[in-house]
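> quick one, fold the following:
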Amino acid sequence: MKTPTQILESALAAGTAKASMSWQRTLVLALLAGAFISLGGLLSLIAGTASEASAVKRLLSGAVFPIGLILIVTLGGELFTGNNAVLIPPLSTKRISPARVLANWTLVWLGNFAGALAFVAIFVLGAGTLDASPWHDATINLAEAKVSMPWLAVFCRAVGANWCVCLAVWLAFAAENLTGKCLACWMPVAAFVALGWEHCIANMFFIPAGIAAGAEISAAQMICNNLIPATLGNIVGGALLVGCAYTLLFRSKH
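Next up, the predicted model:
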């Protein structure tokens, strides 16, 4: 595996490349990433209702959800939450500007949302994957719970969630083979799901899926009560606790 300094060098190269991509390529990769995360979300809903025990439900959901990040890391994809950390090293070395970072985050956030909505339209509404009991009711309950939490609780849970996601991305940079990258993605992501923390891109699937299943949630409630605080918390967890922290600790003195 790579050393922490080598990991930072890999992140620096990756972040610089991400910021220099055309907006068309970035958007397509963001659409794919939103769909990949939604695939993990759908699988976690199915697996999480296989047991009556609350702790077992969380562990089963966490165990299968990481397939989304594994696909993004191994096959390619632009994930807003991962980019919260990966674009910080080139920003700190002035290889990219703050405006470029904000442009990337905005485009990727929108692309992830569109990919998640398309996934819901095809595989929840179209395929009827969650129509049967107990998944139908579980989907509604989860979506309603997410928009009913206090704003501060969503924000703090989101800090923790993207701390874990970006640690997974950092670990994946350290791995030199496919098995290592898959394990790196799996462990921290499974942890945040089992802990019930908030990931804005995952919620772009969970809440629309709940609405599709019949939850009485408006678009304003979804955005204001969950996606805004989750997005802000994810930025803090990824950019500050991972991107800034490890850049300051391991960047070259030169």
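
> look up phi and psi at V159.
Dihedral pair for V159: phi -60, psi -50, per degrees, to the nearest 10.

> with adjacent residues omitted, what lies nearest to it?
Counting by CB to CB, 6 or more residues apart in numbering, G237 is the residue found nearest to V159 once chain neighbours are left out, at 4.1 Å. The C-beta positions use only the backbone N, C-alpha and C, and glycine is treated the same way.

> based on its surroundings, how many neighbours for that neighbour?
31 (other CB atoms under 10 Å).

> go on, W109?
Neighbours of W109 under the rule other CB under 10 Å: 23.

> what residues are up against the nearest residue to it once chain neighbours are set aside?
Spatial nearest neighbour of W109, chain neighbours left out: F80 (4.5 Å); criterion: CB to CB, 6+ apart. For F80, the contact set (CB atoms under 8 Å, 6 or more residues apart in numbering) comprises 30, 105, 108-109, 112, 200-201, 231, 234.

> alpha carbons only: can I get stretch 226-238 in PDB?
Extracted C-alpha coordinates of stretch 226-238, given in PDB (Å, rounded to 0.1, in the frame of the first residue of the first chain):
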ATOM      1  CA  ASN A 226     -32.600  17.400   4.500                       C
ATOM      2  CA  LEU A 227     -30.600  18.000   1.400                       C
ATOM      3  CA  ILE A 228     -29.400  21.500   2.300                       C
ATOM      4  CA  PRO A 229     -28.100  20.600   5.900                       C
ATOM      5  CA  ALA A 230     -26.900  17.200   4.600                       C
ATOM      6  CA  THR A 231     -24.900  18.900   1.800                       C
ATOM      7  CA  LEU A 232     -23.400  21.400   4.100                       C
ATOM      8  CA  GLY A 233     -22.500  18.800   6.700                       C
ATOM      9  CA  ASN A 234     -21.000  16.600   4.000                       C
ATOM     10  CA  ILE A 235     -18.800  19.400   2.800                       C
ATOM     11  CA  VAL A 236     -17.500  20.000   6.300                       C
ATOM     12  CA  GLY A 237     -16.900  16.300   6.900                       C
ATOM     13  CA  GLY A 238     -15.100  15.700   3.500                       C
END
